[in-house]
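Q: Predicted model and sequence below, questions to follow.
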Amino acid sequence: MRATAARAAALTAVLALTGLLPWLSGTDPALSLLRARSAEQEPTPEALAAIRTDLGLDSGPVALLGRWAAGLLHGDLGVSWVSGTEVLPAVLAGLQVSLTLMGAAAAVALLTGAALAAPAALRGRAGTGTAAAVLAALPEFLLALLLLITVGVWLGGLPTSGWTGPAHLVLPALALGIPAGALLGRLVAEALPAVLEERWVELWQGAGTSRRYVTTAALRRALPPLVPQFAMVAVGLTGGAVAVETVFAVPGLGRTALGAAKSQDLPLLQGAILALLTLGLLAGAVGSAVRRRLLGPALRDASLTLPTARPTPVPTAVPVALGAVLLTTIGWGLLREPYAIHTTARLAAPSAAHPLGTDALGRDVLARLGHGAVPTIGTAAAVCLLAGLVGLLLGFLPDTATGFADVTNALPPVVAGIMVAAVTGPGTGAAALAVTLTAWPPLASHAAALTQEVRASAFLTAQRAMGASPLWILSRHVLPAVAGPVARHAVLRLPGTALALASLGFLGLGAQPPTPEWGLLLNESADYAERAPVAALAPAAALALLAALAVTLAAMTTRRRTTTSQRKSLSLAR
Amino acid sequence: MVRGVSFDVHTGEVLALTGESGAGKSLTARALLGMLPREATTDGTVLLRGTAVTPADRGRRIAFVPQDALSALSPVHPVGEQIALALRSVQGLSRKDARSRAQRALAEVGITATASRAHPHELSGGMRQRAVIALATVNTPDLLIADEPTTSLDPATQDTVLTLLRERCTATGASLLLVTHALDAARSHADHIAVMYAGTLTEYGPTDHVLNRPLTPYTTALLASLPTADTPPRTRLATLPGRPPTPGETTAGCAFAPRCPQATDRCHTQQPEPRSLDNRIITCHNAALETP
Amino acid sequence: MNPPVPATPLIVADSPAQPTPSAEPLAPPHAGPAGQPLLSVRDLVVRYGTTTAVDGVSFDIHAGETVGLVGPSGCGKSSTAAAVLQLRRPHSGEVRFDDVDLTALDERQLRPVRQRLQPVFQDPYGSLSPRRRIRDQIAEPLRLHGRWSHSAGPRRVAELLDMTGLNPALGSRFPHELSGGQCQRAGIARALANTPRLLILDEPISALDASLRAGILNLLLDLQDGLGLSYLFISHDITAVRHLSNRILTMRDGRLVR
């Protein structure tokens, strides 16, 4: 019940925030609107005041929210500030495009997932190999850009921009579908070996049941608890769509939202975000319905949780080597000058003077990469610390945490980034806030799982019987048992967090030029990929290394499965 | 981990395989079934009615009830369907025939047709155990191996389950290999008993002989440490010094020598080989029949 | 081939000195002043939601006495133990320990009483914290009740280790570095730290291997002789209960039966 209340509260908060965007927005919307409407008009106080009255900005936040909510109930999303047209048709048009893209991506994801899960189902072997794992950790914008460069620019044959025919669907669907599919495949491939070690499998085999029946039954057993996670993957698609639509210039909902955020067209942004959020929540609801359908009435009460998977061992040498390569590159780059412009050596090929070449302004790419680590990885470290603290705190209030987690789970970092950027303007701080908002739920559920585990243990009962006070138990036994693993978990999420920050940077929602933030760096270099491939691909390689590091580090921790299984039971609680 | 273990199971009898945790009971049972973990290797032969056992015999000639039978059914399939799938796999029955045969098998252990369509979590603990027994015996194996089928149950319930298991074996003509750490269960249900310690078969023979007149020091000491109805109450019990070796821990001589009150120099340096003595098989340098 | 098997009894313990036990009822070895029991439970009722786990149980335990409690799983044995220890507050009834009704005390008032009333649990590893050294865990009750000092504290811990048959060197180990029997001894040492008068033994040997059980049973007998402890011994191993107890109570469906 408390979880339901928390969920309703969190949803209301997000809706209110969306409704209040025009008022919250730090930059004066009246000014940007004036510019957009007529470039010649002087921004006199009178002109600005007239626009404010026109928009209703002067009547205060409550009236503003009330008007927006009333309009929403009538299906009226307002009028675009920039184009002056109705918002609803524009949002619906974008929605149609995005849904087509997501549908195609879902098909790609299912095929990829099935291909990756097949070995586990057929041979009962654990894991899908590191390559698949890296694929799953690869952010959509990176894959989209790599596809754009390799297939679109070098190989040719497929359109890389626009939305005029089925051929335009191929690359965006691949970029959006492959990481999601890799994630799906990995979820199944990791769950199956543990299911195949359950006692009933031995009983069935011992009674002579054929391999085919056992495999089918194991899939049937493993899928229902995974469905909520599949729904999360679907939610992730809405965030991925923003990046992919931007890269391939697809006129979908994500690109609409991003464009609206950048041009301060707040009514359009409100409409687009509302649609994206609804899509995410709908995916969650469909997930719940599918799970119910899979379970049937008989199994609804059978508390089905997956057995804990044995972690696939990864030699420590792999993350250490990856980390060493990254650190060496960064260290070398830090010693060089990132802002010096060499107009004579634009887009230079790698040489002794510029080991990774130069960019379009003739700046040293290695230096920019090294100095870019500070805004990318440094910010990620701060975000991890903050998310770890929030997670630890909320881990002690699992009911409240579940409700908020459900809403933030429907909110991909990119969408959160758009919202925050609309309020505060784009910047490193905005990106960090957006990623923190979406990064804490796994840490909180990990903390909740550990707390629950410690509280249920016999030695805690012994403590009570000994006469220990709740404070003594909390400070000497529960906190030490929870804080360490959660802190480790937070550290392990650092590369993944850096990737999320980089995607915001890539979309222009994070650090601003001339900061050499990696995502921004990649965005700038994408334009000259043909002429200076090494310089263009260097940030991509750094980000891919980061993805590989994220995966191998995650595989090293044995505690990781506790997290996902707890996350599952948190979302099963509905 | 398990070494030099030999024993026979006679047609229609119950053999108890006992020992403390880590003695290698379960591993031995799994080796018979060919259901060892991937990293394990085996050597030796398993003959059933004179012919070697292959994995394809699983369910046909040799069947298995895993540890803790309460949780041994698939949670997402109705119990009747689980039995029907085993029937279709082994006997190639049609869907319809398998379903009616499964219902009959469940009826034989007292589970109604309605209950056969229920999922395990909807059934009582006792019904689940009976369903497991029905599943294990439905393809009329020659040998049924039950690995600690009743560990988590209280003694009275254990006895009921084991009695039913024995009945079903008698009805289908199967021999039963009962892996258990509970000597009481072995005493009341087994014809022969095999006592294992640290991966070796210490003593094998008729149950009443081994439990009433043990020949090896380990069995003797183990039995002496357990209070019985005849032990004077509130007296100190005989104890075995030390602790059982962890699985895989090896010694030059007999694995029990460090704890054995009768150990000689030879026991510490030379591994004993299994040998026949009287109507038993023992693995001990010192054991001998006492002269009457 | 087979020589007839003589009907020899099982080879029995190493203490033939003990006289043959007299017939029921056994007198407690350290019978306190008759009349005043150490623990007096009256009409105890424990409920979980709507189900009643313990339904009107009454019994006494005198000083120096061992009372066995047996019954099938789910009959309410462990719920009785939890209610006596006030770890699960009973729905109604009285738990009078040392002439104080524990059900009338709040958590804070209970703390000093808890020193004299200690549990020993079934799972030897689970009842110790996996993150702390054995000696710190044995010392914890001393610190908790302000009985720790730099000179006397370590001495007391060493004494407790010795009392429970543990090598002092084991004090610096972590639970996972010990055998199940050793962990169970450490759990007993911790329970003894503040010189309790009554131990609630909830299946203390069920999780142990057969060859280690006798050692724990002997230790419990020795401690009772040396310290004059009383035990409530809960187990489904009827022979072990019979061996240790002066009186045996049988529970079924939440009630005591004859």
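A: Noted; the coordinates are in hand. Numbers count the residues shown, from 1 in each chain, chains lettered A, B, ... in the order given.

Q: Now do the same contact list for the residue of the stretch 151-300 of chain A found nearest chain C.
A: For the stretch 151-300 of chain A, the residue closest to chain C is A:Arg199, as judged by Cβ to the nearest Cβ, at 19.6 Å. Glycine gets a C-beta too; all of them are placed from N, C-alpha and C. A:Arg199 makes contact with B:Pro66, B:Gln67, B:Asp68, B:Ser71, B:Ala72, according to Cβ atoms under 8 Å, 6 or more residues apart in numbering or on different chains.

Q: go again using 6 Å as the cut-off
A: B:Pro66, B:Ser71, B:Ala72 (Cβ atoms under 6 Å, 6 or more residues apart in numbering or on different chains).

Q: Chain A contacts on the stretch 101-250 of chain B?
A: B:His119, B:His121, B:Leu135, B:Ala136, B:Asn139 (Cβ under 6 Å from any Cβ of the partner chain).

Q: and C:Leu232, what element?
A: Assessed by DSSP states H and E, C:Leu232 sits inside strand C:230-234.

Q: From the chain's centroid, how far away is that strand?
A: Centre-to-centre, strand C:230-234 and its host chain are 5 Å apart (Cα atoms, centre = their mean, to the nearest Å).

Q: Next: stretch A:364-379.
A: 22 Å.

Q: pLDDT of that stretch, averaged?
A: Confidence over stretch A:364-379 (mean pLDDT, whole number) is 88.

Q: gap between the two ends of it?
A: 23 Å (Cα to Cα, to the nearest Å).

Q: picking up where we left off before, buried subset of the residues of the stretch 101-250 of chain B next to chain A?
A: B:His119, B:Leu135, B:Ala136, B:Asn139 (16 or more other Cβ atoms under 10 Å in any protein chain shown).

Q: Three-state assignment for C:Leu249, please.
A: strand (DSSP: H, G, I helix; E, B strand; the rest coil).

Q: ok, and the closest non-adjacent residue to it?
A: Counting by Cβ to Cβ, 6 or more residues apart in numbering or on different chains, C:Leu69 is the residue found nearest to C:Leu249 once chain neighbours are left out, at 5.0 Å.

Q: Okay, now the sheet partners of the strand or helix carrying that neighbour, with direction.
A: Using DSSP H and E, C:Leu69 maps to strand C:66-70. Partner strands and pairing direction for strand C:66-70 (DSSP bridges) are strand C:230-234 (parallel), strand C:247-252 (parallel).

Q: The last one: what's the following helix or strand?
A: The one in question is strand C:247-252. Trace forward from strand C:247-252 with DSSP H and E and the next one is strand C:255-257.

Q: which element is the residue lying farthest from the centre of chain B on?
A: Distance from the C-alpha centroid of chain B, by Cα atoms, centre = their mean, peaks at B:Lys96 (34.6 Å). Element membership for B:Lys96 (DSSP H and E) is helix B:95-108.

Q: quick one: buried residues of that helix?
A: Under 16+ other Cβ under 10 Å, the buried positions of helix B:95-108 are B:Ala98, B:Arg99, B:Arg101, B:Ala102, B:Gln103, B:Ala105, B:Leu106, B:Glu108.
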